[in-house]
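1. How does the following fold in three dimensions:
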Amino acid sequence: MSERLERLAESALDPEQLGLYRQIREGPRAAVRSFALSDRSGSLNGPFGLMLRVPKLGQPLQDLGAALRFRTSLGDRERELLTLRAAVVLESEFEWYAHERAGRDAGLSEDELHALKAGTYAPRDRAEAHLVGLADILLAHGELDDATYADLAEALGVQQVLEVIILVGYYRTLAQMMRVFAIGSPTED
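-> I've put the predicted structure just below:
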């Protein structure tokens, strides 16, 4: 299936869209990116091109993504592990593409990446098991009984429980946007 929307060229953007475009292209993502933010023509890849279409929502959505990536208590490995887990469960081709190299850079081994993609990943320690377990619950049905919540809150702390909930919700939103508009991984970098 081809993308349902024509890509937005930089030259066609209104001032509000252009401001968001520049923030995405020149912000913190650009400094540490592990994937192509845009195609050769300059059109933004993945969910970022969709964010430009509704900049009043796209701006806070991209701000949330930047906060999740750069301003949480989750370490790089933990964040990339959870993001890749969400990409697999949500069948988000773009998110796997965008985060596989970042996961590798954050310390995930090739064996771990293969296991994540195959759905056979085994957490390396108890803390990671709690993080992955919470993400799996959220990705499956989102309900935590009192005992499970108490265990996770004690093991991770309420702040990390909330960070994982927000991270999973963010990637669920992006995956759904890209599914509706038939956006996969880029064909060119």
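2. Show me which positions of the worst-scoring helix or strand of the chain on mean pLDDT end up buried.
-> Ranked by mean pLDDT, DSSP states H and E, the helix or strand of the chain with the weakest confidence is helix 28-32, at a mean of 76. By neighbour count on 16 or more other C-beta atoms under 10 Å, the buried set for helix 28-32 is Arg29. Yep, even glycine has a C-beta here, placed from its N, CA and C like the rest.
3. Kindly state the domain boundaries assigned to this structure.
-> As given by automatic domain parsing, the domain ranges for the chain are 10-69, 74-178.
4. which residues does Leu44 contact?
-> Leu44 sits next to 7-8, 21, 24-25, 37-38, 51-52 when contact means C-beta atoms under 8 Å, 6 or more residues apart in numbering.
5. Now it: phi and psi?
-> phi -70, psi 140 (degrees, to the nearest 10).
6. returning to what we had before: give the next helix or strand downstream of the least confident helix or strand of the chain.
-> helix 46-53 (DSSP states H and E).
7. Show me what that following helix is packed against.
-> helix 15-26, helix 55-70, helix 93-105, helix 158-180 (3 or more C-beta pairs under 8 Å, 6 or more residues apart in numbering; DSSP states H and E).
8. tell me the angle it makes with helix 15-26.
-> On the basis of axes from the mean of the first three to the mean of the last three C-alpha atoms, to 10 degrees, helix 46-53 is oriented at 160 degrees to helix 15-26.
9. ok so, going back, any chance of the helices and strands packed on helix 46-53 in JSON lines with mean pLDDT, distance to Thr187 and mean neighbour count as columns?
-> What follows is the helices and strands packed on helix 46-53, written out as JSON lines (pLDDT from 0 to 100; distance: least, C-beta to C-beta, whole Å; neighbours: other C-beta atoms under 10 Å):
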{"stretch": "helix 15-26", "mean pLDDT": "95", "distance to Thr187": "20", "mean neighbour count": "16"}
{"stretch": "helix 55-70", "mean pLDDT": "95", "distance to Thr187": "23", "mean neighbour count": "16"}
{"stretch": "helix 93-105", "mean pLDDT": "95", "distance to Thr187": "11", "mean neighbour count": "20"}
{"stretch": "helix 158-180", "mean pLDDT": "98", "distance to Thr187": "15", "mean neighbour count": "18"}
